[in-house]
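S.K.: pasting a predicted model and its sequence here:
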Amino acid sequence: MKGRHVAVAGALVVASLLIAVRIGMVNACAVETDYPIEHRQVGEWIDLDGVFFGTAAEDYSGYSIKVDSVSVTTPRDYLQRNSAKDIDFQDDLDAESVVEVAFTIRNEGSEEGGLAFYDYLLIPTSRNKYYQCDVELWDAGQPQLGGTMAFSVSPGSEYSLAAPFTLKGQPRYFDSYEKMRRAEVADETFELVLSNAPKRIVVDIDLP
């Protein structure tokens, strides 16, 4: 009986965590109606002067960004194209679970500031979930950045990278809760959020 109580209590903890995750998703996907929304397209240069995600202290002055291409791929293929390291994940390597977004970033001459890719959200038009840069794949695919998603580009130069966006799935039955899976990409249309204020810049994306 005691073991049964422990199991039920554990289930309640997991349920609470799932509810918290769901609330987080809803909040992240909610559109801020106080600011105008600017829709941009793949292949366009987007000026980031004066925009930010959280506070005006974020400094993107001098920076612009362009989405070059978007495709769905597997972790294995992403690593083969982008990683200089020999990395072997234990599972989900061949699931089409990665939205690979190729970016070019330009710094016109700013000596300060930079970009933080952990802020970027890829939100499907259903708005019931969101994709973020996958930490493990990012670290493997961008070893020159030293494991960080916040970085600057040398003034007067451009930098290109491929960012791996994934939706982390729940563990399978009888797996530990810490063992997360990369869920396959089922969505086809997205908005890539590049800023929240004083205007919300989104890139409209239709997967091929």
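M.R.: Everything's here; your move.

S.K.: my guess is Glu158 contacts Ile105. True?
M.R.: Yes. The pair formed by Glu158 and Ile105 meets the contact definition of Cβ atoms under 8 Å, at 6.6 Å. No exception for glycine: its C-beta is placed from N, CA and C like everyone else's.

S.K.: give me the more crowded residue out of these two.
M.R.: Using other Cβ atoms under 10 Å, the more surrounded residue of Glu158 and Ile105 is Ile105, with 20 against 12.

S.K.: state the helix or strand in which that one lies.
M.R.: In this structure, Ile105 sits in strand 98-107 according to DSSP states H and E.

S.K.: Trp138 now?
M.R.: Judged by DSSP H and E, Trp138 forms part of helix 135-141.

S.K.: pull the residues that contact that helix.
M.R.: 75, 78-79, 82-83, 85, 87, 89, 98, 117, 147, 149, 161-164, 166 (Cβ atoms under 8 Å, 6 or more residues apart in numbering).

S.K.: also stretch 159-175?
M.R.: So stretch 159-175 is contacted by 18, 68, 75, 78, 81-82, 97-105, 117, 120, 122, 129-134, 137-138, 141-142, 153, 177-183, 185 (Cβ under 8 Å, 6+ apart).

S.K.: now do the residue nearest to Gly156 when sequence neighbours are not counted: how many residues are near it, please.
M.R.: Take Gly156 and drop its neighbours on the chain: the residue closest to it by Cβ to Cβ, 6 or more residues apart in numbering is Gly109, 5.8 Å away. Neighbour count for Gly109, taken as other Cβ under 10 Å: 9.

S.K.: measure Gly109 to Ser61 for me?
M.R.: 10 Å (Cβ to Cβ, to the nearest Å).
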